[in-house]
Each structure stands twice: as C-alpha cells, then as structure tokens.
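Can you look at this prediction? I've put the sequence above it.
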Amino acid sequence: MKPARLLGVVALLALAGCSQGAPARPSAPASTSAPSSAPTVAPPTAFAGGNIRIALVRQLSSGDYFEQWLAGAQAEAKALNVRLEVSSGDGNNDKQALNLEQAVTAKSDAIIVDHGFAQTVQPAVKKAVTAGIPLVAFDVDPGSPQAVALTQDDQKIAEQALDALKAGTGGSGEVLYVYVAGFAPLDRRNETWEQFKKDNPGIKQVARIGVVNSSTASAVADQAKAALQANPGVKAIFAPYDEFAKGAALAVKELGLADKIKIYGADISTADIGVMTAPGSPWVATSATDPANVGRVAVRAAALLVAGENVDRELTVPPSLITQKGLRDAGITSVEQLTRAFPALTTPDVARVPWAAS
Ligand code: SR1
C-alpha cells in the first residue's frame, strides 16, 4: 500500500470508531511477522538450547479466531526458541482436562490453557500449580491466584459493538441475540449486553440463539433463519463472536433482508473482512483484537514465567472497533493490512520479553 493511502486508511479507521487510535506508524509489522525493536538483555541460558517446552492445552481449535491465535503463538514460540506442544480438546471438555493432566505429568516447563470451562480445567490447574509449573490461562478462570489470567477486554468488546448498534438503530428496535453460556469471554460480553438492555429500554431482545461446535457458523445460520422468520420486526443482530456473526450474515443474506437488518459482531479475520466488505453485507461493525497478537502475548507470558520474571497476574488485551465503512473506504482486504494500518492492534508492551526483539 502506498504511504499516502496508508495514512488515509488510519484516518478512516479512526473516523470509523477505532477507539485504540494510536498515531499512524506505516512501517509497523503485522503481528505474525518478525518483530522490529532490539532486545535489551541476553536470553536466559535455559532458552539457548531450544529445550524449553510449553504445553498449549486448547479447548477449541477450529474457526478463524482459533487458527489465527495458534499462528501467533507458534510464531512467538519460534522467536523465543521454545517448543510449543499443542493439544486440542476439539470442544470436548473432558478431553481437554485429560490433555491438561498429561501436560502436568510430562513436567512441561510451562502450560497455557486456552479456553475451557472452569469446572473441568481448575482441578488440573491446581495440580500444575502444586507441581510448580507456571501457568497462563486464556479466556478461562484458572481458579488459582498463582496462575496468570489473560483476557481480551470483553466488556469493551461488547461496549464498542453495542455503541455501534445503538448508533445504527437509533437506540430502539427488535434485536436478535447470539450467545452460548459457559464460555468466559461470551459470559463477560453477556453481562455488558444485559446492562445495555437496562440502559436502553427501547432495545428489545426478541429471541436468543446460539451454538458452539465444529461448524458454529452454519449451525447459527440455520438457527438465525428460523428466528428471523418468526420475528419479522428484527432490525439488528448482536453476535459477539465472529463465527456467530458469519452465520447471522449468511442467514440475513439468504432471506434477502440485508437492507433491513444489520449485524454487530466481535473478532476479525481475513475471511471476516471478506464477509464484511462483500457487496450488500449486513455485518457493519465488529470489535476485535488481533488474535495472532493475543497468541503471542500468551507465549511471551509463559516464557517470562519460565525465566522467573515477574508477570502481572491479570493481562488484558484491548480491542478496536472496525467498521464495514472503514474497511471498504480504506480498501483493506486482510488482517495483515489491518494490523499494518492500525498498530494499536499489536501490543508489544503486554508481557514484553526483555531478551527478545519486539
Ligand atoms: C466460544 S468463545 C469465542 C470467543 O473466544 C475468544 O475470546 C474470541 O474473541 C471469540 O469471540
């Protein structure tokens, strides 16, 4: 992208409501690409041989968000010369708990737990902590104060999307809500939604749908079609997870309602940008972090713990509001372009590793 156009991109995104509007830094790298600033100290000797093993124990692995997150985690592991040993429960909580037990038994140098339900992961988290294994929990309550809890700012994610919904609807009208209870980030976003409804009595939730599985978007599309046919007055959909928003967009398009119903979502990926910017797309706004950046933060935090460095027990990555108009006006077609144009999506100071470039 030419520099003049790039500056236009940043301005347009800022105008579009990107709340993390840092000044333009056209040369900022995409979050999975090589870091750019020099390290300030030498790496601990334990990291020299490439023998540090960090277990990444995931509940879910399918879908854009989880794939990008893993790519970021792997890139950071490579940069830090650590081995990332990845397992996934594929949506099965018992399998994830078993994988976590195995990571403890295998004496991993550190463990990252990615999503999961508190009741199924906390017993094994406790065993890890008792065994002295440093642990980072992303989007799941570890239940142990010794563990580092990493989250995106879910309240902000919901607030940004709902501010856009309020502006788009004028603060009144029937809304279809997509939610599944039990996932910590969705539960936090739900708290904000509940408060939003109290603060905005003109907004009426007429139906709630939602499913999380290996084909979330198509399952949500089926549910959304039925809900929209049963509720012809709906003018907005709050779908705060990109697989939900993609499913909702499919339903609205297939029912030919894109000029009447707008979707306010969460998360971003290159595929999501394609959906949002497609002609006639109803998905008009999304509040998101860069998932690859969050994956990088998780690995950095785990590496710092292995090195005996201090890490805040709560780490939060802030989101930005990204609008359909901003993306279209700037001609953005990929997350790489988005992160280059909008450096606040990359957070090198969250769990900064002093011996690594950032
Ligand atoms: C099923 S939970 C999905 C959410 O997890 C991450 O926090 C992403 O933001 C996604 O929306």
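Alright, I've got the coordinates. Here the structure is a predicted model, which is why all the values come from computation and not from measurement.

got the residues of this protein near the ligand?
Proximity of the chain to the ligand (CB under 6 Å from any ligand atom) is limited to residues 65, 139, 152, 183, 185-186, 212, 241, 266-267. Any C-beta I mention is one placed from the backbone N, CA and C, and that applies to glycine too.

Let's see which of these end up in strands.
152, 266 (DSSP state E).

which of the residues of the chain next to the ligand sit farthest apart?
152 and 212 (16.8 Å; CB to CB).

Of the two, which one has the most company?
Set side by side, residue 152 and residue 212 show more neighbours around residue 152, with 24 against 19, by other CB atoms under 10 Å.

looking at it, that one is touching residue 289, isn't it?
Yes - if you go by CB atoms under 8 Å, residue 152 and residue 289 touch, sitting 4.9 Å apart.

if I look at the two, which residues touch both of them?
When CB atoms under 8 Å, 6 or more residues apart in numbering defines a contact, the residues bordering residue 152 and residue 289 alike are 317-319.

Scan those and report the most crowded one.
Neighbour max across those (other CB under 10 Å) = residue 319, 29 neighbours.

how about that one, what does it touch?
Residues in contact with residue 319 (CB under 8 Å, 6+ apart) are 19-20, 152-153, 156-157, 160, 266, 287-289.

could those residues go into JSON lines alongside distance to residue 178?
Listed next are the contacts of residue 319 as JSON lines, based on distance: CB to CB, whole Å:
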{"residue": "19", "distance to residue 178": "23"}
{"residue": "20", "distance to residue 178": "25"}
{"residue": "152", "distance to residue 178": "18"}
{"residue": "153", "distance to residue 178": "20"}
{"residue": "156", "distance to residue 178": "19"}
{"residue": "157", "distance to residue 178": "14"}
{"residue": "160", "distance to residue 178": "17"}
{"residue": "266", "distance to residue 178": "10"}
{"residue": "287", "distance to residue 178": "14"}
{"residue": "288", "distance to residue 178": "16"}
{"residue": "289", "distance to residue 178": "19"}
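
In helices, which of the residues you listed fall?
Mapping the contacts of residue 319 onto helices (DSSP state H) picks out 156-157, 160.

of these, closest to the ligand?
Distance to the ligand, by CB to the nearest ligand atom, is smallest for residue 157 among the ones in helices among the contacts of residue 319, at 7.1 Å.

isn't the closest one right next to residue 285, touching?
No - counting by CB under 8 Å, residue 157 sits too far from residue 285 to count as a contact (11.4 Å).

could you flag which of the contacts of residue 319 are buried?
Neighbour counting over these (16 or more other CB atoms under 10 Å) leaves 20, 152-153, 156-157, 160, 266, 287-289 as the buried ones.

sorry, back to before: show me the two of the contacts of residue 319 that sit farthest apart.
Across these, the two lying at the largest distance from each other (CB to CB) are 20 and 266, at 14.9 Å.
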